[in-house]
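K.L.:
how would this look folded up:
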Amino acid sequence: MKVRINPENTEIRRVESDPKESTTHPGLLTFPIVGIGASAGGLEALEQFLRHVTENCGMAFVIVQHLDPTHKGIMPELLQRVTGMEVFQAKDRMKVKPDCVYVIPPNKDMSILHGVLHLFEPTAARGLRLPIDFFFHSLADDRREAGIGIILSGMGSDGTIGLRAIKEKGGMALVQEPASAKFDSMPRSAINSGLADIVAPAEDLPGRLIEYLRHPFTVTKPGASLEEKDQSSLEKILILLRSKTGHDFSLYKKNTVYRRIERRMGVHQIGRIASYVRFLQENTQEVELLFKELLIGVTSFFRDPEVWDQIRDEAIPALLAGYPDGGSLRAWSTGCSTGEEAYSLAISFKEALEQFRPAAHFTMQIFATDLDQDGIDRARKAVYPVKIASEMPLERLQRFFIKEASGYRVCKEIREMVTFATQNVIMDAPFTRLDILICRNLLIYLTPELQKKLMPIFHYSLKPGGVLFLGSAESISTFTDLFAPLSIKSRLFRKRESLLSPEPLAFPASFVPTRPGFPKEIPMMKPAANLQTLADQLLLQHFSPPAVLTNDKGDILYISGRTGSYLEPAAGKANWNIFAMAREGLRFDLGSAFQKALRQKGSVTVKDVKKGTGDNTQRVDITVRTIQEPEALRGMVMIIFSDVAPPAVHTVSNLPRTAATDNAAVHALEQDLLQSREELQSTREEMHSSQEELTSTNEELQSTNEELQSTNEELTTSREEMQSLNEELQTVNAEQQSKMNEFSRVNDDMRNLLNSTEIVTIFLDSKLHIRRFTTGADKLFKLLPGDVGRPLTDIVTDLVYPEMAEISREVLRTLTFSEKQIAASDGRWFSVRIMPYRTTEDVISGVVITFANISAAKTLEAELRKEITQLKNVRTE
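P.N.:
Here you go, the predicted structure:
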């Protein structure tokens, strides 16, 4: 994509240099379309923004604002006063044109398709609608990397999810400086989510936007190879990222990395990659920002709801069926971002348990990992904005979330099921013995080579029958022997136990360390020969027909018997495909039978196939059979070759005598030749027998070596499992340590808060036993630290308040607070307030009693009463 600038009026046009280069629909206009979201205080911000946009800027602006659905919109007339561009109220199927402003009408949702606006009747209830997110999503899908979103003043968090969608497609996000906004909730929500490329006052945003669009984007131009200097600069950027963050992005798809780098260069108005390398070296904070840019991920609760319904209704019940009551399932969510999918899995598990096994007692442990430490920290807090109400039914929201001032918090029951940790799925050890593994929209950012390394690791991590859950744009590629589809559309796969020997897993070197002085393989004694095994081998080698096992594409996986008469290696690069190796005469009939067997999913036999030419002609029967059982071989194909005996030769006796004599001589010669051939064949067979014996001995040695290797692999696997367990324990320990530190800080804050108020406070449980008390309580009650857990009625007090226990029980029963002024035996007065004790789950678990010293107020009151009495007496006199 190129940017064309008119120097006279700073007019901007983005045009495609080649239609093949465009990643958007061919019918799309090539000028920038800017989506602007605003709410409360948005009119002032919009006026400031549009006042600084030139008339011939070459851009179109679509404004989505929260409007009163019951009043006629006058926003276009108000904005027309501050801009020379034409301002329209959007209509259904209105085509967007440059140098124009379009405003959403009241009580409508708006979308865009191929540069044309479409209006919808809102489906969500008033107060729950998110029109900015709705439009930004469609803008991201329609414009992709050309999408631009701006968030101005407003309350709530509408627009944050839409900006995330724009960023995922490679677009640009601009946000008003919160300090300059009349209401800063929407700008702060976008900034706190880490999505903002540019943050500036509303009047400065047009200039920053034009500077960004002026920047030439040439790094990711399709079909153009990078110069050696540029390639070197990109590699240096990856090195700086690795040295700063410890993560290697060289295995990520190059176009993805290049687009993120381009955007950061555009933000800083840097034209050359080499200059950006120097900028990174001089500004370490920019390295961190680029790292965050590369980690932008789009996630939400129950994304693709129908897939989550299938997990809840089919996958989880099938897994539970394999466990006894009281069993525990294990799951791993890779690239979990801010934790929505991990919590979605926990909620789905709870719903499946309540629906299908209500009387059982199953548990699930979910490990959720990501590279982004900030994302992990937000996931641990489990607090999400109010917009999640649009992502799930109200019943589910009320069941598993607690409403708070800042949004919704995941309930404690679900939070305790998930353990969050930072992890690099490429470099760190995987979790093992898993029932479910979620890896959604991570593989699409990785190179095919890396995907091929991760798939066997995922297979290794899952238990037999475990479920792999991929993103809508991802697949298992060629690993059909490792995973069987449960639902291709839903991207759900089940681990398949393969009988074939898998390739060794490419675990990181740090995962399986080699210790000096220890051999890689442990020598073992040769196992004793098994009579049954030797007999089976003899039958297979000499009496069973030659056979070949292939996959559904014809690639040979296993050979039984001697197949040299039917197959031979093709010339050139090694090719183990049976159609390339089939001898002359067999290839056509074999291919036809193969395809027919796949279609019928049964057995197909081709009779009397002629192979070879001249005297070497041989007739063969070919049987092709698709395999359904055992489960590990399902989908594979068995091909069996059987030789057909030649027809008998009949002698004709009614020929003339001379001809008969000649025929007899010829026949005698033929018999001699046949005898010679038989002797030669016998010699050959003896040689073959000797060769087979040598081969058999060699196979036995190879078998012994394979057994030794297998034993070594088992020991290595055990060591890897122990290492993985150790990693899991370290993860859990880090999680617990983080929680303990947080609890310690909260405890210190609460203690200092209570001490600073100088209000004595006593916490009682539902049985009125002492749970905790603050400093100063021992001056009213004869309390000692060891009195925690004792009934308050057993403690001697200076207060003249015998009914305090009864009133506390009444507060527990009615949930209404009580406040009274009570005197102490030494003349002091206290305001005693008794309130219910509420947990974060809105459960009443005791009472809180506070004692505020009001002796000074009482003394002053007594003095005032005395003075009033004296004044009355003086008047009377």
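
K.L.:
which ones are touching residue 268?
P.N.:
Taking C-beta atoms under 8 Å, 6 or more residues apart in numbering as the definition of contact, the neighbours of residue 268 are 276, 279, 286. For every residue, glycine as well, the C-beta is placed using N, CA and C.

K.L.:
mind checking which of those residues land in helices?
P.N.:
In helices, defined here by DSSP state H, the members of the contacts of residue 268 are 276, 279, 286.

K.L.:
so, low pLDDT: which residues of the stretch 551-700 of the chain?
P.N.:
When residues are selected by pLDDT under 70, those of the stretch 551-700 of the chain lie in 613-616, 646-662, 664, 667-668, 671-672, 674-679, 681-683, 685-686, 689.

K.L.:
would you map the strands across it?
P.N.:
Ranges of strands in the stretch 551-700 of the chain, per DSSP state E, counting those that start in this stretch, are 556-560, 603-611, 618-626, 637-644.

K.L.:
figure out which of the ones you listed is closest to residue 725.
P.N.:
Taking C-beta to C-beta, strand 556-560 is the member of those nearest to residue 725, at 33.5 Å.

K.L.:
helices and strands around the closest one, which ones?
P.N.:
Identification of packing neighbours for strand 556-560 by 3 or more C-beta pairs under 8 Å, 6 or more residues apart in numbering; DSSP states H and E yields strand 547-550.

K.L.:
direction included, what does the strand it packs on pair up with?
P.N.:
Listed by DSSP bridges, the sheet partners of strand 547-550 and their directions read strand 556-560 (antiparallel), strand 637-644 (antiparallel).

K.L.:
list the buried ones in the helix or strand harbouring residue 377?
P.N.:
When elements are assigned from DSSP states H and E, residue 377 belongs to helix 373-381. With burial defined by 16 or more other C-beta atoms under 10 Å, the residues of helix 373-381 counted as buried are 375, 376, 378, 379, 380.

K.L.:
from residue 550, how far out is the closest residue to residue 567 other than its chain neighbours?
P.N.:
Excluding the flanking residues, the one nearest residue 567 by C-beta to C-beta, 6 or more residues apart in numbering is residue 581, at 4.3 Å. Residue 581 sits at a distance of 11 Å from residue 550 (criterion: C-beta to C-beta, to the nearest Å).

K.L.:
shared neighbours, those two?
P.N.:
In terms of C-beta under 8 Å, 6+ apart, residue 581 and residue 550 are both contacted by the residues residue 556.

K.L.:
dump the strands paired with strand 547-550 to TSV, plus mean neighbour count and distance to residue 360.
P.N.:
Shown next, in TSV, are the strands paired with strand 547-550 (neighbours: other C-beta atoms under 10 Å; distance: least, C-beta to C-beta, whole Å):
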stretch	mean neighbour count	distance to residue 360
strand 556-560	15	41
strand 637-644	18	42
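
K.L.:
contact partners of the helix or strand harbouring residue 860?
P.N.:
Per DSSP H and E: residue 860 is located in helix 855-876. Applying C-beta under 8 Å, 6+ apart, the contact partners of helix 855-876 are 821, 827, 828, 829, 830.

K.L.:
most surrounded residue in these?
P.N.:
Neighbours here are counted as other C-beta atoms under 10 Å. On that basis the top member of these is residue 830, with 23 neighbours.

K.L.:
for it, which residues are in contact?
P.N.:
With the criterion set at C-beta under 8 Å, 6+ apart, residue 830 makes contact with 780, 799, 821, 822, 823, 824, 851, 852, 853, 854, 855.

K.L.:
secondary structure of it: a strand, I assume?
P.N.:
Yes: the assignment for residue 830 (DSSP: H, G, I helix; E, B strand; the rest coil) places it in a strand.

K.L.:
re earlier: distance of the residue nearest to residue 567 relative to residue 607?
P.N.:
Using C-beta to C-beta, residue 581 is found at 22 Å from residue 607.

K.L.:
repeat that for residue 707.
P.N.:
Between residue 707 and residue 607 the computed distance is 42 Å (C-beta to C-beta).

K.L.:
what do you get for residue 866?
P.N.:
Residue 866 sits 126 Å away from residue 607, taking C-beta to C-beta as the criterion.

K.L.:
likewise for residue 840?
P.N.:
Between residue 840 and residue 607 the distance is 77 Å, computed by C-beta to C-beta.

K.L.:
return the residues in contact with the closest residue in space to residue 566 that isn't next to it in sequence.
P.N.:
If you skip the residues right next to it in sequence, residue 566 has residue 641 as its closest partner in space, 4.8 Å away by C-beta to C-beta, 6+ apart. Residue 641 makes contact with 545, 546, 547, 563, 565, 566, 620, 621, 622 under the criterion C-beta under 8 Å, 6+ apart.

K.L.:
give the buried residues for stretch 463-479.
P.N.:
Buried residues in stretch 463-479, counted by 16+ other C-beta under 10 Å: 463, 466, 467, 468, 469, 470, 471, 474, 475, 476, 479.

K.L.:
could you do stretch 55-74 as well?
P.N.:
Quick answer for stretch 55-74 (16+ other C-beta under 10 Å): 57, 58, 59, 60, 61, 62, 63, 64, 65, 66, 67, 73.

K.L.:
before we move on, back to that, name the nearest of the contacts of helix 855-876 relative to residue 314.
P.N.:
residue 830 (62.7 Å).

K.L.:
if the closest one is in a bridge, with which residues?
P.N.:
Each beta-bridge partner of residue 830 is listed here: residue 822, residue 853, as defined by DSSP bridges.

K.L.:
look up how far residue 801 lies from it.
P.N.:
9 Å.

K.L.:
shared neighbours of the two, anything?
P.N.:
Taking C-beta under 8 Å, 6+ apart as the contact rule, residue 830 and residue 801 both touch residue 822.

K.L.:
please enumerate the helices of the stretch 51-200 of the chain.
P.N.:
Residue ranges of the helices in the stretch 51-200 of the chain, as given by DSSP state H, counting those that start in this stretch, are 75-80, 131-143, 160-168, 185-192.

K.L.:
now the third one: buried residues?
P.N.:
Right, helix 160-168. For helix 160-168, burial by neighbour count (16+ other C-beta under 10 Å) applies to 160, 161, 162, 163, 164, 165, 166, 167, 168.

K.L.:
check which helices and strands it sits against.
P.N.:
Using 3+ C-beta pairs under 8 Å, 6+ apart as the contact criterion, the neighbours of helix 160-168 among helices and strands are strand 33-38, helix 131-143, strand 148-151, strand 172-176, helix 185-192.

K.L.:
helices and strands of this protein: which one has the lowest mean pLDDT?
P.N.:
Across the helices and strands of the chain, mean pLDDT, DSSP states H and E gives its lowest value to strand 2-6, namely a mean of 38.

K.L.:
rewinding a little: possible to save the strands paired with strand 547-550 as JSON lines with distance to residue 598?
P.N.:
Shown next, in JSON lines, are the strands paired with strand 547-550 (distance: least, C-beta to C-beta, whole Å):
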{"stretch": "strand 556-560", "distance to residue 598": "16"}
{"stretch": "strand 637-644", "distance to residue 598": "7"}
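
K.L.:
mind checking which of the ones you listed is nearest residue 816?
P.N.:
Taking C-beta to C-beta, strand 556-560 is the member of the strands paired with strand 547-550 nearest to residue 816, at 75.8 Å.

K.L.:
off-centre distance for that closest one?
P.N.:
Put simply, strand 556-560 sits 38 Å off its chain's centre (C-alpha atoms, centre = their mean, to the nearest Å).

K.L.:
now do it: everything it contacts.
P.N.:
Counting contacts by C-beta under 8 Å, 6+ apart, the residues outside strand 556-560 that touch it are 500, 540, 544, 546-551, 576-578, 581, 636.

K.L.:
can you pull up the most central residue in the chain?
P.N.:
When C-alpha atoms, centre = their mean is applied to the chain, the residue found nearest the centroid is residue 440 (3.7 Å).

K.L.:
that one: what's it in contact with?
P.N.:
Residues touching residue 440, when contacts are defined by C-beta under 8 Å, 6+ apart, comprise 303, 335, 341, 469, 470, 471, 474.

K.L.:
so who does the fifth one touch?
P.N.:
Counting by C-beta under 8 Å, 6+ apart, residue 470 makes contact with 439, 440, 443, 476, 491, 493.
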